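**Student:** Any chance you could fold what I've pasted below:
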Amino acid sequence: TFAGMATYFYVLLKNPGPHAWGLFSVNFVFLLGVTQFGVVFAAIMRIVKAKWSKPFFRLAELTTIAFFPFAIVAFLFIYFYGRHEIFYWLDNSSGEHHSPWLNEQLLLYRNVIAQLIFYAVSFWYFINALLPDVHASDAESGPVWRRAMYRKLLAMKAKRDMSQMPHKLYDMSIIICIVFFLPNTFIAWDFGMMLYPHYHSTIYPLYFIMGNLFAGAASLILLHNILSQFISIKEFFGVRQVQNMGVLLTAFALLWLYLHWAQFFVTWFGNLPHEYAPIWKQMYGHYAPLFWIMMLFVVGIPIVFLIFQKIKQTQWTMEVLTLVMLVGIWINRYLNIMPAISDDHLIFSTLAEGVITAGWFAGFLFVLLVLFNHFPVIPLSELATDAGEGLEYHTYTFK
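**Tutor:** Numbering: from 1, shown residues only. A predicted model of the protein is given here:
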């Protein structure tokens, strides 16, 4: 993490230009979408009462919480130091009239306010989901700040009826889903559609958000494996959980493909040059190899392999597949941003770009592991409720 930060500040001192800011934005947008899906995953699964998914809930919620400092700081960093390298419409040198939406101050306010609303609701949701798993012993160990935090949580727990908490979380889940779409739509507009002159697409935000859902679900499988290296949790994650996540990933891949096709076909068939020009720039020319690799990683490989039940029931194959899917969505974010900034950028053409990207992921995982160390990572209270209903979570083991 520190190597990535130091490398980026060194690049900044050398007047990095649009390439460095573009790659910085790619990693920001990718990790923002992947992590924000975490709390939304828990919310959706609670709404549809998918009891198989409960072992993932706390992991998913902590994933969202872990990226909060990066989300705000990174956007402010881009806005104050790199916005003129990314957003062409801030420099209205051509004398063109821009809509009120293309306003420098509004760019800042809409994104920061939307992100703060989302994370405030997410923290509220996480704390309420955590309360049933908070016990008096938690306030008796650890650093002073940790003991004080758990005393505060115990006081909150004493004032609430824990038997009503599942119903409250169900109602809150609807709010989570609503506030999730607001900041993600703004990010889709500002870091995708609005990077190209006169590009308008009503499908693009949903296509962008579906990519977040797809990559976020894939990341949960990888992250639970990382977690299992530190904590003995394998008894909660069996074949049932991994197989159902595989089914979910198949559905997300097909939906992503449908939205991608809908966005392409309408603009191509209607012969709308401003609309299909961004997609054409990805599919042909300098960026064409990356585009077809992306399609292979996001759609081709996952759909071909996830058809087979045996693949979905085996841990290591699912881990390899989810890693491929995440690389595919990362390339998608790269193609959404970089062709608008540069006609001939070579991905990871310098060591600095690789170190900066690795630093992003290392920073997020570092904060996530810190949270794992201070919060119960399995929602035992919810699993205990299901056990009372006769559901089994320990029947299967990984092959």
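**Student:** ok, residues contacting stretch 344-361?
**Tutor:** Under the contact criterion CB atoms under 8 Å, 6 or more residues apart in numbering, stretch 344-361 has outside partners 1-5, 7-8, 10-11, 19-20, 22-24, 27-28, 31, 70, 286, 290, 334, 338. For the C-beta atoms, the positions are set from N, CA and C on the backbone; glycine is no exception.
**Student:** From the residues you listed, list the buried ones, please.
**Tutor:** Among the contacts of stretch 344-361, the ones that count as buried by 16 or more other CB atoms under 10 Å are 4, 7-8, 11, 19-20, 22-24, 27-28, 31, 70, 290, 334, 338.
**Student:** Check the residues you listed against residue 99 and report the nearest one.
**Tutor:** Nearest to residue 99 among the buried ones among the contacts of stretch 344-361 is residue 22, at 24.1 Å by CB to CB.
**Student:** coming back round to it: which ones among the buried ones among the contacts of stretch 344-361 are found in helices?
**Tutor:** 4, 7-8, 11, 19-20, 22-24, 27-28, 31, 70, 290, 334, 338 (DSSP state H).
**Student:** now, which of those sits nearest residue 119?
**Tutor:** residue 70 (11.2 Å).
**Student:** hang on, the closest one packs against residue 366?
**Tutor:** No: at 10.7 Å, residue 70 does not count as touching residue 366 under the criterion of CB atoms under 8 Å.
**Student:** And for stretch 183-195, what's in contact with it?
**Tutor:** Residues outside stretch 183-195 that contact it (CB under 8 Å, 6+ apart): 25, 29, 32-33, 36, 86-89, 102, 107, 110-111, 114-115, 117-118, 199-201, 204-205, 208-209, 212, 336-337, 340-341.
**Student:** Would you mind listing the buried residues in that stretch?
**Tutor:** 183-195.
**Student:** Those residues in helices, which ones?
**Tutor:** Among the buried residues of stretch 183-195, DSSP H puts 183, 184, 185, 186, 187, 188, 189, 190 in helices.
**Student:** Excluding chain neighbours, what is closest to the first one?
**Tutor:** Closest residue to residue 183 in three dimensions, ignoring its sequence neighbours and counting by CB to CB, 6 or more residues apart in numbering: residue 114, at 3.9 Å.
**Student:** how far does stretch 101-112 sit from the chain's center?
**Tutor:** Distance of stretch 101-112 from its chain centroid, counting by CA atoms, centre = their mean, to the nearest Å, is 22 Å.
**Student:** Make residue 1 into 44 and carry on from there
**Tutor:** Okay, using 44 as the starting number, the last item reads as stretch 144-155.
**Student:** which one of the buried residues of stretch 226-238 is nearest residue 314?
**Tutor:** residue 236 (19.4 Å).
**Student:** Next, work out how far apart the closest one and residue 244 are.
**Tutor:** As judged by CB to CB, to the nearest Å, residue 236 and residue 244 stand 6 Å apart.
**Student:** Residue 294 too?
**Tutor:** 23 Å.
**Student:** who's more crowded, the two?
**Tutor:** Comparing residue 294 with residue 244 by other CB atoms under 10 Å, the one with more neighbours is residue 244, at 23 against 14.
**Student:** thinking again about what came up before, could you tell me which of the contacts of stretch 226-238 belong to helices?
**Tutor:** 68, 72, 75-76, 79, 129, 150, 153-154, 157-158, 160-161, 247-248, 251-252, 255, 379-380, 383-384.
**Student:** and those, which are buried?
**Tutor:** The neighbour-count test (16+ other CB under 10 Å) marks 68, 72, 75-76, 79, 129, 150, 153-154, 157-158, 161, 247-248, 251-252, 255, 379-380, 383-384 as buried among those.
**Student:** all helices for the stretch 194-343 of the chain, in order.
**Tutor:** For the stretch 194-343 of the chain, the helices defined by DSSP state H, counting those that start in this stretch cover 208-233, 247-271, 282-312, 316-326, 331-338.
**Student:** averaging pLDDT over each of these, which comes out lowest?
**Tutor:** Least confident of the helices of the stretch 194-343 of the chain, judged by mean pLDDT, is helix 316-326 with a mean of 80.
**Student:** Flag every buried residue along that one.
**Tutor:** 318, 319, 321, 322, 324, 325.
**Student:** low-scoring stretches of the stretch 294-442 of the chain, by residue?
**Tutor:** 428-442 (pLDDT under 70).
**Student:** since we're on residue 220, how many residues are nearby?
**Tutor:** 14.
**Student:** contacting residues for it?
**Tutor:** Contact analysis of residue 220 by CB under 8 Å, 6+ apart lists 83, 86, 87, 90.
**Student:** Please apply the same query to residue 333.
**Tutor:** By CB under 8 Å, 6+ apart, residue 333 lies in contact with 325, 374, 377, 378, 390.
**Student:** how close does residue 91 get to residue 287?
**Tutor:** Counting by CB to CB - residue 91 and residue 287 are separated by 12 Å.
**Student:** Among the two, which residue is more densely surrounded?
**Tutor:** residue 287 (16 against 10).
**Student:** isn't the more buried one right next to residue 96, touching?
**Tutor:** Yes: here residue 287 lies in contact with residue 96, judged by CB under 8 Å, at a distance of 7.0 Å.
**Student:** pLDDT weak spots in the stretch 44-193 of the chain?
**Tutor:** In the stretch 44-193 of the chain (pLDDT under 70), the answer is 58-59, 135-141.
**Student:** If you tally nearby residues, what's the number for residue 350?
**Tutor:** Residues near residue 350, counting by other CB under 10 Å: 10.
**Student:** so what's it closest to, chain neighbours aside?
**Tutor:** residue 293 (7.9 Å).
**Student:** show me the contacts for that neighbour.
**Tutor:** Residue 293 sits next to 345, 346, 349, 350 when contact means CB under 8 Å, 6+ apart.
**Student:** measure the second one to residue 422 for me?
**Tutor:** Yep, that's residue 346 we're talking about. For residue 346, the distance to residue 422 - CB to CB - is 32 Å.
**Student:** more neighbours, the two?
**Tutor:** Neighbours were counted for residue 346 and for residue 422 using other CB under 10 Å; residue 422 has more, 22 against 14.
**Student:** Pretty sure that one sits against residue 101.
**Tutor:** Yes: in this structure, residue 422 is within contact of residue 101 by CB under 8 Å, at 5.0 Å.
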